[in-house]
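Novice: let me see the structure of the following:
(one chain, ligands or ions: 1)
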Amino acid sequence: MTSQTAFDILVVGSGVAGLATALAAAPRRVAVLTRGAPGEDGASRWAQGGIAAALGPGDSPAQHAADTLAAGQRLNDADAVSRLTAAAPDTVRWLDALGARFDRATDGAYALGREAAHAHARIVHAQGDASGAELMRALRAAVRAAPHVTVLERRTAFELARAGDGRVVGAWAHGERGPELWRAGAVVLASGGIGALYRYTTNPAYADGAGLALALAAGAELADLEFVQFHPTALAPRDGERGQLPLLTEALRGAGAVLLDARGRRFMPALHADAELAPRDVVARAVWAECERGGRAYLDATRAVGDAFPARFPTVFAACAARGLDPRREPIPVVPAAHYYMGGVRVDAQARTSLPGLYAVGEAACSGVHGANRLASNSLLEGLAFGRTLGAALAQAAPAAPAPAVAGVRVWHPLDAAAETALADLMWRHAALVRDARGLQAARAGVAALRAGLPPGAHGADRLALAQRMLDAMLARDASVGAHYRSDGLRAACA
Ligand code: SIN
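Specialist: Numbering: from 1, shown residues only. Predicted coordinates:
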């Protein structure tokens, strides 16, 4: 152990949720501990969709809430949804004041886009399809200028520190100089989601569930673990490629791009009245089915977007160009990929977890806003809005950090590459878009075998335990709802 530094607040993770929390907690002394560097790691900077906010004429937070509840199949927490949608317009104005450059209409008002399942045009974007990157640029600059924030880069939090009474009073992290203890009066998990537990994901490798696993290992309550959202259109992998794949934003389909099978025929109109703009889980399963049939699926924007592609979708255009593809002229091969986790560490209206001293925000948290399926462009919003609220509350209330009761920790021992690959393959094959009891049980047995192969006390076991809990939740919910689809189960509201 090389450090015993104490802060008022320790934020684990440096995406939009973590940085919004840190900024709002001024003047408290905040440490932001992150696996890479702010803006470099985490999923926020990859977000192409924007922020949903009822800012347009005729729209209201109540209507935004109604759309959010409908997308979530009403498994959402209605109070959390109301708080989220009420906070949205002010969240956008706060970012604006911070220097975020949102796209504007000719009259200077926000250019509001419309996405599937939103009853109004209410999506604020930045630089077309680069919203996450622009938000992270603005937040990172604000954090650099904030004297109350210290950024602890290139460190992985792997264990929570507890006081004698069980309160969370810090975290141990693995850095270049070995394990370090960072003490704090309050610890905020803003460590993102779990996409990297799957073979294909739109998330970066750091979104591997490590934050959730550390909370689980400490005994925190987790919730909604069966609800994983898959995006229908990630750029198809090249031979042997796995992990993060470039996202082809849903806004392309909003602009009229269509999905084609291997023979060049549209397959969505036969499956749903809204065709390519059907709910995300329906489109994602249709793309999955094409791939499972041994075929291929393509996104064709040649007619709908054509020559405007580089200007309207610069991020996607660059990703395609890097692979020698020209979306102005040819359909682009796509696969579905793990995209967003609705489950996470259960929190209450004050972002408190079940462990005293531990809070959670953003994708790591399950605040109840998303229910069984997240409405597009509600995720950056959630991290920002609830992060700001939490930071402001902690600025008033974070207690001093007592010394932890335990002076040392287990030796840092993550999963090796072979185990990571095996885990991601099991999750992809059996716990992705179409699930059944047999496959889930096979995955459970596979994860148990991986666990049995680890040395006692290895931290990799914590992430395997998380995967097992996810599989248990998928087994327990034997009817399909939202993003959770059981091919052997009862069909619930969402086909
Ligand atoms: C997208 O741009 O398709 C993703 C938006 C989101 O996940 O909210």
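Novice: so who does the closest residue to the ligand within the stretch 301-450 of the chain touch?
Specialist: In the stretch 301-450 of the chain, the residue found nearest to the ligand is residue 376; the distance is 3.9 Å by C-beta to the nearest ligand atom. Glycine gets a C-beta too; all of them are placed from N, C-alpha and C. Residue 376 makes contact with 49, 52, 115-118, 123, 250, 280 under the criterion C-beta atoms under 8 Å, 6 or more residues apart in numbering.
Novice: ok, residue 444 next?
Specialist: Here residue 444 is in contact with 468, 471-472, 475 (criterion: C-beta under 8 Å, 6+ apart).
Novice: pretty sure it sits in a strand.
Specialist: No. Secondary structure assignment (DSSP: H, G, I helix; E, B strand; the rest coil) places residue 444 in helix, not in a strand.
Novice: per-residue pLDDT, it?
Specialist: Residue 444 carries a pLDDT value of 98.
Novice: the one 10 residues further on too?
Specialist: The predicted local confidence for residue 454 comes out at a pLDDT of 88.
Novice: and residue 492, by the same measure?
Specialist: Residue 492 is assigned a predicted lDDT (pLDDT) of 50.
Novice: also residue 210?
Specialist: pLDDT at residue 210 comes out at 94.
Novice: so it makes contact with residue 159?
Specialist: No. Residue 210 is beyond contact range of residue 159, at 10.8 Å (criterion: C-beta atoms under 8 Å).
Novice: which of the two has more neighbours?
Specialist: The neighbour comparison of residue 210 against residue 159 (other C-beta atoms under 10 Å) goes to residue 210, with 26 against 21.
Novice: which regions of the stretch 1-150 of the chain sit below the pLDDT cut-off?
Specialist: For the stretch 1-150 of the chain, the stretches flagged by pLDDT under 70 are 1-4.
Novice: in it, what residue spans correspond to helices?
Specialist: Counting by DSSP state H, counting those that start in this stretch, one finds helices in the stretch 1-150 of the chain at the ranges 16-24, 61-71, 78-98, 131-144.
Novice: for residue 286, see how far away residue 480 is.
Specialist: 15 Å (C-beta to C-beta, to the nearest Å).
Novice: residue 279 now?
Specialist: Here residue 279 is placed at a distance of 11 Å from residue 286 (C-beta to C-beta).
Novice: what do you get for residue 69?
Specialist: Distance, residue 69 to residue 286, by C-beta to C-beta: 24 Å.
Novice: the more surrounded of these two?
Specialist: residue 286 (23 against 20).
Novice: correct me if wrong: that one contacts residue 270.
Specialist: No. Using C-beta under 8 Å, residue 286 is not in contact with residue 270; the gap is 9.4 Å.
Novice: which bits of this protein sit near the ligand?
Specialist: Contact residues (C-beta under 6 Å from any ligand atom) of the chain with the ligand: 48-49, 249-251, 340, 376-377, 379.
Novice: redo the residues you listed as CSV? Include distance to residue 108 and secondary structure.
Specialist: Putting the residues of the chain next to the ligand into CSV (distance: C-beta to C-beta, whole Å; DSSP: H, G, I helix; E, B strand; the rest coil) gives the following:
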residue, distance to residue 108, secondary structure
48, 24, coil
49, 23, coil
249, 25, coil
250, 27, helix
251, 22, helix
340, 32, strand
376, 25, coil
377, 22, coil
379, 27, helix
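Novice: list the buried residues in stretch 237-251.
Specialist: 243-251 (16 or more other C-beta atoms under 10 Å).
Novice: my bad, should have said stretch 28-44
Specialist: For stretch 28-44, burial by neighbour count (16+ other C-beta under 10 Å) applies to 28-36, 38-44.
Novice: using PDB, write out every CA atom in it.
Specialist: Extracted C-alpha coordinates of stretch 28-44, given in PDB (Å, rounded to 0.1, in the frame of the first residue of the first chain):
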ATOM      1  CA  ARG A  28     -15.400  19.900  -1.300                       C
ATOM      2  CA  ARG A  29     -12.100  18.200  -2.000                       C
ATOM      3  CA  VAL A  30     -12.900  15.600  -4.700                       C
ATOM      4  CA  ALA A  31     -10.700  12.900  -6.200                       C
ATOM      5  CA  VAL A  32     -11.700  11.400  -9.500                       C
ATOM      6  CA  LEU A  33     -10.000   8.000  -9.900                       C
ATOM      7  CA  THR A  34     -10.000   6.600 -13.400                       C
ATOM      8  CA  ARG A  35      -8.600   3.700 -15.300                       C
ATOM      9  CA  GLY A  36      -7.200   5.800 -18.200                       C
ATOM     10  CA  ALA A  37      -7.600   9.500 -18.300                       C
ATOM     11  CA  PRO A  38     -10.800  11.600 -18.300                       C
ATOM     12  CA  GLY A  39     -12.200  11.600 -21.800                       C
ATOM     13  CA  GLU A  40     -10.000   8.700 -22.800                       C
ATOM     14  CA  ASP A  41     -11.600   5.900 -21.000                       C
ATOM     15  CA  GLY A  42     -15.300   5.100 -20.400                       C
ATOM     16  CA  ALA A  43     -18.200   5.000 -22.800                       C
ATOM     17  CA  SER A  44     -19.300   8.600 -22.600                       C
END
